[in-house]
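>>> fold the following for me, if possible:
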Amino acid sequence: MCSSLVNFCFPQLSFLQTMSLSHMENMPLSHSSLQGAQRPSWKQWLFYSTVIIVLLLCSFSALIFTFLPLKTAQGPCVAKFGPLPSKWQMPSPEPSCVNKTADWRLKILQNGLYLIYGQVAPNTAYKGRAPFEVQLRKNEDPIQALTNNSMIQNVGGAYEFHAGDVIDLIFNAEHQVLKNKTYWGIFLLTNPQFIS
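A predicted model of the protein is given here:
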């Protein structure tokens, strides 16, 4: 009678008594709402961690360069050659960052980031043997070459130069360009040394 009362009051108990241990081994420990969901592997965690670290380093570098100003040039340092018949045009007195050495050529006197700008006008009437080529050079090594003789082209860009570098604009043949419409200039943007 006592066992029937227990079965009546606690029906789950009778169910547990009839259930064998082998059935319990096959039961899942937890039911997840996503069937087949897998945990991220260690490779994914490594990848995500690396991305986060790189982003933090980039942000930190941007903050450093934003709040740590660069030393700027003391005064304007500008030089321009051409178009002919004019020669080198420089503010008076001569700038302390460059020194003119010849037509179309100058020497850098101060380390820094420079902007070179210019225009090359090809002579479409030129019929010589030499192929059209205009080169902007640093220490006789080309840093930019123009080979299209059908239109006026821009020359230049931002370059880091060091004291002693020689910059020039040369032509493959003397009469390949219209020198009365061709010029180039240089401007010191900044001195890349940090203020101490």
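
>>> quick one: the helices in this protein?
For the chain, the helices defined by DSSP state H cover 2-9, 11-18, 21-25, 42-67.

>>> any low-confidence regions in the chain?
In the predicted model, the chain carries pLDDT under 70 at residues 1-40, 60-75, 92-95, 192-196.

>>> would you map the strands across it?
Remark: strands assigned in the chain by DSSP state E are 70-71, 78-81, 88-89, 98-102, 105-108, 112-120, 134-138, 141-146, 153-161, 166-171, 183-194.

>>> please export the C-alpha coordinates of stretch 165-172 as CSV.
Extracted as CSV, the C-alpha positions of stretch 165-172 are listed here (Å, rounded to 0.1, in the frame of the first residue of the first chain):
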residue,chain,number,x,y,z
ASP,A,165,70.6,65.7,-53.4
VAL,A,166,70.7,67.2,-56.9
ILE,A,167,67.3,67.5,-58.6
ASP,A,168,66.9,68.3,-62.3
LEU,A,169,64.5,68.1,-65.3
ILE,A,170,66.1,66.8,-68.5
PHE,A,171,65.0,66.3,-72.0
ASN,A,172,66.1,63.6,-74.5
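
>>> who touches that stretch?
Residues from elsewhere that reach stretch 165-172, judged by Cβ atoms under 8 Å, 6 or more residues apart in numbering: 81, 101-102, 104-108, 116, 118, 120, 130-140, 155, 161, 177, 184, 186. No exception for glycine: its C-beta is placed from N, CA and C like everyone else's.
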